[in-house]
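In: Need a 3D model of the sequence below.
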Amino acid sequence: MPKKPANHTTHEAMITQSWQRCRESGLSHHSKPSIEHLAGGSLSSLLDEHQRLLETTHNEVLPYYENLLINSKSQVMLADHQGFVLKSWGDQRFKQHHEEIFTPGSGWQESTLGTNAIGTALKTGSIVQIQQDEHFLISNRFMTGSAAPLFGIDREMLGVIDISTDTYLPESHTLGLVKIMSQAIENQLITSHFKGEYFLLRFNTSIENIDSQWSALIVFDEDGLVISANNRAELILGSDLKLVNISELFNLNVSQLVNQPEGFQVPLLTTQQFRVHGILHKPVQAKPRALDFRTEIKSNEPARHVSEQHKFLLDELHFGDPVMEKAVAQSKRIIDKDIPILIRGETGVGKEVFVKAMHYSSLRRKQNLITVNCAAIPQELVESELFGYEKGAFTGSSNKGYIGLIRKADKGTLFLDEIGDMPLNVQARLLRVLQERRVNPLGSTESYPVDFKLVSATNCNLKEAVAAGTFRQDLYYRVSGLNIELPALRNRNDRQQLIQFLLKYYAENKQHAEITERAMKSFFQHPWPGNIRQLVSVIQIAQAMSDNQAIDFEHLPDDFFADMEVSANNAEPLMAKQENKPQASNTDSNADNIVALYQSLNCNISKTAVQLSVSRNTVYKRLRESGFK
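Out: Numbering: from 1, shown residues only. You can find the predicted model right below:
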């Protein structure tokens, strides 16, 4: 289980060393790329060899992060440990003039393609970003690449995940994203390979982040011998974990640890005498043990179940905003009554979090909260997923049948998210369930009683959908008892308090919760088109990039500033009127200040515009007026 070598080389030195390797390979800056291509049986064998890596990336990781790239002109690439592309995803326009280097089977080795993110990451074993002019070959300087090596279950390098774009992006965006994605891929590979036969221990320095992609992960057998671990575990514990016994890492023996109940949060003290928080996942084929963990664990901290860690209550969701305060007050009065609730709000305002808080604040909190995303379930599967089916009800159905999500919500809460996207034929069946409070599974003549609190959510106007004939009017009146509108983040007057709370909530340590005054000002002024979901994403990327420093402009994603620019451009007519007013006599001084600010921000127009709360065009204009070139 070899570790990734420690690499303290500066970025500038890494580029210098890479360029030297390129020269030694016989390349010059004007060399044409000599790309090695695998095709036919060689390519098929390569793809078969890395099928699990491909499936993990495509199905289990990429869907969670593609929303961060949806508006960027970029390509996500997965390459093997030799630098051959396995698959690429993203904007087809980006690669249309360079198709030969992005197709599966093309090689990105330094010796043929010069300094590049994939080849240099493989050569150094480090996460790298190669800006446009840092590519050795001039022909590759149309792009910026960020790449992270991927390590398998034995800590050997499997390949590289890369994001390439033809625009300049600060490292806080794509570099932070490939860091997160690479860790997610590694964790998924380890978990899926070992969960059937071995114990998995996730741990982190913060209770709230135990189940995040940045958690440490150790795999061990029933004797405590470490079988595998991710890089994060070795970093936290400060040692090579190859063939180490778990009892050498924490101040408790193997039997104390393996007898923890599945999913319980366990306070752990490392042998270096610092505390972490862990969750044990037992093997699927775990043998029953008679020992009771409560008589064995000696700790001053009570055990908490992992599901309790993120259970916000309604009173915790507002920080002084009157609209949110009203929504919370109304919900508390209705949540235990047999009145349906319909929540409206833009995408990302926190509708699901609000519903969870309602459930955990209700008398049904000990029962199931079943969430159904009506837009995510394929139309042909909606009925069987919601209402269940008898065995053999249709071709491809399970021979055991399926209870259905509605019956799973019995005695609990049923949350129908994006209900406006529910197919009309399913709406009719749902209406009958709501009227009769009974469910008929597909292929069954028997009905089953159900009792649940109904909460629905939508980001569209259901009354307009009724008028358009895409939503049943009778169903509308069944789901819209109490209507709650959650405000967009840009309209909340408790934004600053909410931002400070989320900074602390997602921080792994005190430093990660700190933010400079100018960055906080930009957070407060940002239009947040993606609302709280976007805010959380920006905070997580910034904290991943800040390296124990206060969050500042250089840690924020590029699309964060792009949103600010769009907002400023929309306000440009008003600014133009203001700028046409007679100026005070200190114009020269103001011009000097603008130039000084521009230079202090490394001549970055977007950051200067954000700092001044003006558009990029205004910055260009003022710089020209100052005589700056």
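
In: Would you check that residue 102 makes contact with residue 77?
Out: Yes - in this structure, residue 102 is within contact of residue 77 by C-beta atoms under 8 Å, at 6.9 Å. Bear in mind the C-beta positions are built from the backbone N, C-alpha and C, glycine included.

In: Need the overlap of contacts for these two.
Out: Here residue 102 and residue 77 have 85, 88 as joint contacts, going by C-beta atoms under 8 Å, 6 or more residues apart in numbering.

In: out of these two, which sits in the busier spot?
Out: Between residue 102 and residue 77, residue 77 has the larger neighbour count (other C-beta atoms under 10 Å), namely 27 against 18.

In: quick one, what contacts that one?
Out: 85, 87-89, 102, 118, 160-164.

In: So which of those is the closest to residue 210?
Out: Of all the contacts of residue 77, residue 210 sits closest to residue 161, with 23.9 Å by C-beta to C-beta.

In: Tell me what that closest one is bridged to.
Out: Beta-bridge pairing for residue 161 (DSSP bridges): residue 78, residue 148.

In: what's the answer for residue 277, then?
Out: In this structure, residue 277 bridges to residue 204, residue 267 when assessed by DSSP bridges.

In: Can you check the pLDDT for it?
Out: Here the pLDDT value assigned to residue 277 is 86.

In: Distance of it relative to residue 130?
Out: Counting by C-beta to C-beta, to the nearest Å, the gap from residue 277 to residue 130 is 37 Å.

In: ok, those two, which is more surrounded?
Out: Taking other C-beta under 10 Å, residue 277 and residue 130 do not tie; residue 130 has more neighbours (29 against 22).

In: Isn't the more buried one up against residue 136?
Out: No - counting by C-beta under 8 Å, residue 130 stays clear of residue 136, with 9.3 Å between them.

In: Mind listing the shared neighbours of those two?
Out: residue 115.

In: in which helix or strand would I find residue 559?
Out: In this structure, residue 559 sits in helix 558-570 according to DSSP states H and E.

In: just residue 43 next, same as before
Out: Assigned by DSSP H and E, residue 43 belongs to helix 40-49.

In: in that helix, what counts as buried?
Out: For helix 40-49, a neighbour-count test (16 or more other C-beta atoms under 10 Å) marks 43, 46-47 as buried.

In: nearest to residue 413, of those residues?
Out: Set against residue 413, the nearest of the buried residues of helix 40-49 by C-beta to C-beta is residue 47 (43.9 Å).

In: For that closest one, list the residues it contacts.
Out: 54, 86, 104.

In: 10 Å instead, please
Out: Counting by C-beta atoms under 10 Å, 6 or more residues apart in numbering, residue 47 touches 38, 53-54, 80, 84, 86-87, 104-105.

In: Start from the N-terminal end of the stretch 1-150 of the chain and give the strands.
Out: In the stretch 1-150 of the chain, the strands defined using DSSP state E, counting those that start in this stretch lie at 74-80, 85-90, 128-130, 144-151.

In: Then the stretch 451-600 of the chain?
Out: With DSSP E, counting those that start in this stretch as the criterion, the stretch 451-600 of the chain has strands spanning 453-458, 482-485.
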